[in-house]
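> below: sequence and its predicted model.
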Amino acid sequence: MNILHGLRRLSSFQLIVLSFLLLIAMGTMLLMTPLATSDGRGASFLSASFTAVSASCVTGLTVEDTASYWSFFGQLVILILIQIGGLGVVTMAVAVTMASGQRVGLMQRHTMQEALSAQQLGGIVRLLRFILKFTIGVEFLGACLLAPVFIRDYGWQHGIWMAFFHAISAFCNAGFDLLGSRGGGSLMAYAADPLVNLTIMGLIVAGGLGFLTWADIITHRHHVSHWTFQTRIIMIMTAVLIFLPALFFFTQELAGTDAFTRFWQALFQSVTPRTAGFNTMNIEDLSEAGRCLMVLLMLTGGAPGSTAGGIKVTTAFTLFMAMISALTMKRDVECLSRRMPMEALQHALAIFMMYLFLFMGISIFISVFDHATMIDCMLETSSAIGTVGLSIGLTEKLSPLSQGLLMFLMYFGRVGALTMIYALHSRKSAARRRLPEGKITIG
């Protein structure tokens, strides 16, 4: 009773933070059991906890090969963690409450609103029903499209399992794969397969756009003028961040391959860094310019209220438009015939600075402590904090302390910067007074 009373006193943000910690703890315990590993000995605490954090935070960074190290039970636990972590622990808990016939209380609705980044409390239960139907439908469709390829290569039973595993992993933007060395590393064996490329990319983009975006698009369909201000920003940024990097990878990084394979690799590699963590090209072969571009894409991430991580495309767009407004000497930040609120700019700046501080600080620490090159450390840390999962092969070679820091970055990236800030305060306090203005020179 005391525990229940204590939970009722927690804020929505604190419940979100604790729910992911509980999911990680349960996943760690299950992965440490003998049933979870292929050799029947069970995983060490570090391997189990790192994998549980990576799966729950839908990242994809690993210290053990998912295909060979974990048994079917271990892989099933990882997949469940990915599904719950992708949709959100709160969302799944409310879904169970609805399925049991119980009424969804006001506290649960408010917590769901914060978890989904919804702008209003009304219609939250209806939105949850849409999320569940959309998720099941898209993941099942993706599995059906992947099944013929995997059944052809791995047989009926294993092929169907792999189709569902990769469909869920792609939609939840997790990046876990079961191909291992058999696939040459992630999905490299299917670099020139149009069906696999289109399906995985479609699932990644579908999960990365966010459920609120899809609800808006499905409601208003092709009437773009009726889309919300946020939906239009998300679609513009998504298109820009897919096609411009694809052009760079096609012209600069893949000159040695045939045009057909190069096209699919370039397009795939422009989609996956912002969200998922799959790859169809060897990341180690990228130039420093290519790796820097990957870092920027991983830090940017997907849309708010999605399965993707990063600072989010809306944050990046807000900061970019603020820069444009400053350069053109405008008083307000304006775009698409709208004025952006000052609170949004403050939040965007706070999120960006927190991500930048953690990303650079931990990259420098790992580089010094583990004697690794700075660009490789930046790639691993941006992959962790952006909950992406792309790796240059450094993660499994790091010391336990550095791996622990990557675990923290994955958790921070999934929970979100603002959620962490608000979780540390019992309530958002509005200032009742304003101090005298202080003059400061900028630039």
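The structure has been received and is ready for your questions. Numbering: from 1, shown residues only.
> how near is W156 to M162?
11 Å (C-beta to C-beta, to the nearest Å). For glycine as for every other residue, the C-beta is placed from the backbone atoms N, C-alpha and C.
> neighbour-wise, which of these two wins?
M162 (24 against 10; other C-beta atoms under 10 Å).
> who's in contact with the closest residue in space to the more buried one that isn't next to it in sequence?
Nearest non-adjacent residue to M162, counting by C-beta to C-beta, 6 or more residues apart in numbering: F150, 4.4 Å away. Listed by C-beta atoms under 8 Å, 6 or more residues apart in numbering, the contact set of F150 reads H158, G159, I160, M162, A163, H166.
> now do the strand or helix carrying the fifth one, average pLDDT.
Okay, so that is A163. Assigning secondary structure by DSSP states H and E places A163 in helix 156-171. Averaged over helix 156-171, pLDDT sits at 94.
> report the distance from it to the chain centre.
In this view, helix 156-171 has its centroid 19 Å away from the chain centroid, taken as C-alpha atoms, centre = their mean, to the nearest Å.
> residues contacting it, please?
By C-beta under 8 Å, 6+ apart, helix 156-171 touches 60, 72, 75, 79, 82-83, 86, 135, 138-140, 142-144, 146-147, 149-154, 174-179, 199-200, 203-204, 206-207, 276, 278, 307.
> any idea how far Y355 lies from R109?
Distance of Y355 to R109, computed by C-beta to C-beta: 29 Å.
> which of the contacts of helix 156-171 count as buried?
60, 75, 79, 82-83, 86, 135, 138-139, 142-143, 146-147, 149-151, 154, 174-179, 199-200, 203-204, 206-207, 276, 278, 307 (16 or more other C-beta atoms under 10 Å).
> which of the residues you listed fall within helices?
Taking DSSP state H, the ones among these that sit in helices are 75, 79, 82-83, 86, 135, 138-139, 142-143, 146-147, 149-151, 154, 199-200, 203-204, 206-207.
> for stretch 404-418, which positions count as buried?
For stretch 404-418, a neighbour-count test (16+ other C-beta under 10 Å) marks L405, L406, M407, L409, M410, Y411, F412, G413, R414, V415, G416, A417 as buried.
> ok, the fourth one touching G361?
No - when contacts are counted by C-beta atoms under 8 Å, L409 is not listed as touching G361 (10.4 Å).
> after the worst-scoring helix or strand of the chain on mean pLDDT, which helix or strand is next?
Sorted by mean pLDDT, DSSP states H and E, the helices and strands of the chain end with helix 2-8, the least confident at a mean of 48. As assigned by DSSP H and E, the chain's next helix or strand after helix 2-8 is helix 12-31.
> name the helices or strands packed onto that next one?
On a contact count with 3 or more C-beta pairs under 8 Å, 6 or more residues apart in numbering; DSSP states H and E, helix 12-31 meets helix 45-56, helix 72-87, helix 89-99, helix 106-116, helix 400-415, helix 417-423.
> can we see that at 10 Å?
If contacts are counted by 3 or more C-beta pairs under 10 Å, 6 or more residues apart in numbering; DSSP states H and E, helix 12-31 sits against helix 2-8, helix 45-56, helix 72-87, helix 89-99, helix 106-116, helix 400-415, helix 417-423.
> and these, which one's lowest on average pLDDT?
Among those, helix 2-8 scores lowest, at a mean of 48.
> out of the contacts of F150, which is most surrounded?
H166 (26 neighbours).
> how much space between that residue and A143?
From H166 to A143 the distance is 8 Å (C-beta to C-beta).
> check F150 too.
Distance, F150 to A143, using C-beta to C-beta: 9 Å.
> and for H220?
Distance, H220 to A143, by C-beta to C-beta: 29 Å.
> follow-up on the earlier one: and the buried residues of stretch 404-418, which two are furthest apart?
Maximum pairwise distance in the buried residues of stretch 404-418, criterion C-beta to C-beta, is 18.4 Å, between L405 and G416.
> report the contact partners of L141.
A167, F171, T199, G202, L203, A206 (C-beta atoms under 10 Å, 6 or more residues apart in numbering).
> tell me the one among those residues nearest to V224.
For those, the nearest to V224 is A206 (18.7 Å; C-beta to C-beta).
> hang on, isn't the closest one packed against A276?
No - between A206 and A276 there is no contact under C-beta atoms under 10 Å: 11.1 Å.
> okay, and the common contacts of those two?
A170, F171, N173, T307.
> count the neighbours of the first one for me.
By the measure other C-beta under 10 Å, the count of residues near A170 is 33.
> relative to L145, how far out is it?
As judged by C-beta to C-beta, A170 and L145 stand 11 Å apart.
> which neighbours do those two share?
Common neighbours of A170 and L145 (C-beta under 10 Å, 6+ apart) are T199, I200, G202, L203.
> need the max-distance pair from the residues you listed.
The distance between the two most remote of the shared contacts of A170 and L145 (C-beta to C-beta) is 7.3 Å, for I200 and G202.
> overlap in contacts of these two?
G142, L145, A170, F171, V271.
> isn't the first one right up against V205?
So the one you mean is G142. No - taking contacts as C-beta under 10 Å, G142 lies outside contact range of V205: 11.5 Å.
> not counting its neighbours along the chain, what's nearest G40?
P34 (4.9 Å).
> and for that neighbour, the neighbour number?
P34 has 12 neighbouring residues, counting by other C-beta under 10 Å.
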